[in-house]
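**Student:** How does the following fold in three dimensions:
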Amino acid sequence: MDETSGVLKVAVIGAESTGKTTLCQWLSAGLDGLHFEEPLRQWVARKGRPPRQDEQLEIVEAQKQQELLGLQQATETQHKKRWLFCDSAPLVTAAYSRYYFNDASLDNLASSHHQANYAATLFCLPQGLDWVAEPGQRDSPKAREAVHQILLELVKPINPDRLIFLSGGLKKRYEFALALLNRLHSEFARGPETS
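**Tutor:** Residues are numbered from 1 along each chain as shown. Got it, this is the predicted structure:
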């Protein structure tokens, strides 16, 4: 939970074509939360090309800025939102940097940000969803699998109680995530247990 706003911020991560955007849209509607479009997607649409190695940090900073704007929006709405769903996170940018450029320089920055900023992480797995082409935005099934393997390594430091793996069809992912996030919200509402 973001201590200052009380908003539960959820990172939705995974390789390309694993249902992240759809899941964010459905969960924000189902839980009366907010979500924002993936900054990398916005960047590629604006520039008409994928980012170069020297531009990866710019994507990370855009992700962090989008999260801050999302938290501000969640607390300023007339009906305050409890949830902010982050369509991807710096950890995914670090994985892409490793895959495309053999560059692990973003790993520590992304990992530190991740562990300090999210109430939960929804990890969308490739299993159960066909890869779907999206010109200019997606690479290939081979790239999806390779980035997935890198992400499996990068999520190891995350608290396993706050890491939710999602597979199967989109409806199954949504229903499973919804149930677990409702339980998580109840835990935060109760506060720490005392003995």
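
**Student:** Flag every buried residue along the longest strand anywhere in the chain.
**Tutor:** Longest strand in the chain by number of residues, with DSSP state E as the criterion: strand 8-14. Across strand 8-14, burial judged by 16 or more other Cβ atoms under 10 Å covers 8-14. Any C-beta I mention is one placed from the backbone N, CA and C, and that applies to glycine too.

**Student:** as a whole number, average confidence for it?
**Tutor:** Confidence for strand 8-14, expressed as mean pLDDT, is 96.

**Student:** Stretch 110-128 now?
**Tutor:** Averaging pLDDT residue by residue across stretch 110-128 gives 95.

**Student:** outside of the longest strand of the chain, which residues touch it?
**Tutor:** For strand 8-14, the external contacting residues (Cβ atoms under 8 Å, 6 or more residues apart in numbering) are 1-2, 20, 23-24, 27, 67, 70-71, 82-89, 91-92, 114, 117-126, 148, 151, 155, 181, 184-185, 188.

**Student:** in its sheet, what does it sit against?
**Tutor:** The pairing partners recorded for strand 8-14 under DSSP bridges are strand 83-87 (parallel), strand 120-124 (parallel).

**Student:** where's the last one relative to the chain centroid, distance-wise?
**Tutor:** Counting by Cα atoms, centre = their mean, to the nearest Å, strand 120-124 is centred 7 Å from the centre of its parent chain.

**Student:** Equivalent analysis for stretch 121-135, please.
**Tutor:** On Cα atoms, centre = their mean, the centre of stretch 121-135 falls 13 Å from the chain's centre.

**Student:** Repeat that for stretch 173-187.
**Tutor:** 16 Å.

**Student:** Could you list every helix and strand in contact with the helix or strand harbouring residue 173?
**Tutor:** Under the criterion of DSSP states H and E, residue 173 resides in helix 170-190. Counting contacts by 3 or more Cβ pairs under 8 Å, 6 or more residues apart in numbering; DSSP states H and E, helix 170-190 is packed against strand 8-14, helix 20-30, strand 120-124, strand 163-166.

**Student:** Where does the prediction get shaky in this protein?
**Tutor:** Counting by pLDDT under 70, the chain contains low-confidence ranges at 1-5, 77-79, 189-195.

**Student:** ok, residue 139 - how many residues close by?
**Tutor:** By the criterion of other Cβ atoms under 10 Å, residue 139 has 19 neighbours.
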